[in-house]
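> structure of the sequence below:
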Amino acid sequence: MSLNTLQTYAGIHLSGPNAHKTSVVIMTGGLREGNLKITHVFDKIGAIGQIFSDERLLDILKATLPRLGFVDAPLSEPPCVACTRPTCPGIDGCEDLGVANMQSIISKSAKGKKRKRPINPQTQRYWDVRQWAESQTHLQEPSYSANMAPLVVRAKTLQRRINSWNVDFKLKETLVSQNLRIIADHLSMPSEWAQSYRAFGVGRDNRGKILEHLYREKWLALNHLDDIASSVENFHAMICALSACLFVEKRVLMPGSSFELEQGWVYLPNLTESKKD
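Have a look, this model is predicted:
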């Protein structure tokens, strides 16, 4: 048995702290060896009495001992939120490298165009602006919007709780919708499955089709697939765990510099190898 067979990965879907919609999926094995399987599904994780949901999450990680964990929520804040300067000179006068690079990206992307895309370092990170500039169809919500801000706080708090137990266990971030589109394209899935995996009326069916396709392609074993298909939250956690496996197997896009990593990198699959690898 190789070392990869022994790997354990955690995928975490975070909901609001007062909602019982947080899920954790644990996987073991490896894609390259064709033995990746779901071993545990923990869903509807919320507070019970005086036990906060973060404590329950920590207990799950302690019990399953994953090598790596991926989460579907931002793990870093936009420059303005993270800023500790006592005065603000405005975006044009800001000395923050993140803001300067965001300005540079927008300036370059606007060449030859009538209208610039605005940036807002109060809600957007470097990664948001970069993706927005690279793709006209990139519709990802800003990392610190009204909907996302509570999840950013929760994700950062969860990392600190993990640090109290294991300082070497660092969560990494992925984006499920974009992640899924890359996998679907690589495995020749119909694009509508990935686009409508959470849509009312057809989402459950599309999630089931995606899982069946992953099984046929020998990406997943049959374990717990009904649990994953029946819940958007469990499905998100599964994609996160799959991303952790891809990271260990060096099949994700890595940041090009320490600056990009510090600004908040979102790991997405890099599946440029042949389909059967």
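
> tell me the buried residues in the longest strand anywhere in the chain?
When the chain is parsed with DSSP state E, its longest strand is strand 37-45. Using 16 or more other C-beta atoms under 10 Å as the test for burial, strand 37-45 gives 38, 39, 40, 41, 42, 43, 45. In short, each C-beta sits where N, CA and C put it, glycine included.

> nearest to residue 174, of those residues?
Checking the buried residues of strand 37-45 against residue 174 with C-beta to C-beta, the nearest one is residue 38 at 17.0 Å.

> can you list the strands that the longest strand of the chain pairs with?
strand 22-28 (antiparallel) (DSSP bridges).

> buried residues of the partner strand, list them for me.
Neighbour-count burial for strand 22-28, with 16+ other C-beta under 10 Å as criterion, is recorded at 22, 23, 24, 25, 26, 27, 28.

> correct me, but the fourth one touches residue 243?
Going back to what we said before, that points to residue 25. No: using C-beta atoms under 8 Å, residue 25 makes no contact with residue 243, being 11.1 Å away.

> overlap in contacts of those two?
Shared contacts of residue 25 and residue 243, defined by C-beta atoms under 8 Å, 6 or more residues apart in numbering, are found at residue 11.

> quick one: the strands in the stretch 51-200 of the chain?
Assigned by DSSP state E, counting those that start in this stretch, the strands in the stretch 51-200 of the chain fall at 68-71, 172-173.

> chain center to the first one, what's the gap?
Meaning strand 68-71. Mean-position distance between strand 68-71 and its chain equals 8 Å (C-alpha atoms, centre = their mean, to the nearest Å).

> okay, now residue 260: neighbour count?
Residue 260 sits with 15 neighbouring residues when counted by other C-beta atoms under 10 Å.

> list the contacts of residue 91.
Taking C-beta under 8 Å, 6+ apart as the criterion, residue 91 is in contact with 99, 103, 119, 121.

> mind doing that once more with 10 Å?
Going by C-beta atoms under 10 Å, 6 or more residues apart in numbering, residue 91 touches 79, 80, 99, 100, 102, 103, 118, 119, 120, 121, 122.

> likewise for residue 84?
Applying C-beta under 10 Å, 6+ apart, no residues contact residue 84.

> cool, and residue 74?
Residues near residue 74 by C-beta under 10 Å, 6+ apart: 14, 125, 127-128, 142-144, 148-149, 151-153, 155-156, 173, 175, 264, 266.

> and with 7 Å instead?
143, 148, 152, 155, 173, 264 (C-beta atoms under 7 Å, 6 or more residues apart in numbering).

> neighbour-wise, which of those residues leads?
residue 143 leads these on contacts (other C-beta under 10 Å) with 25 neighbours.

> nearest residue to it other than its sequence neighbours?
In this structure, residue 143 finds its nearest non-sequential neighbour in residue 74, 4.3 Å apart by C-beta to C-beta, 6 or more residues apart in numbering.

> one step back: mind checking how far the longest strand of the chain is from the chain centre?
17 Å.

> where are the low-confidence patches of the stretch 1-150 of the chain?
1-6, 110-117, 136-139 (pLDDT under 70).

> now do the helices in it.
53-64, 79-82, 97-109, 126-134, 149-163 (DSSP state H, counting those that start in this stretch).

> okay then, goodbye and thanks.
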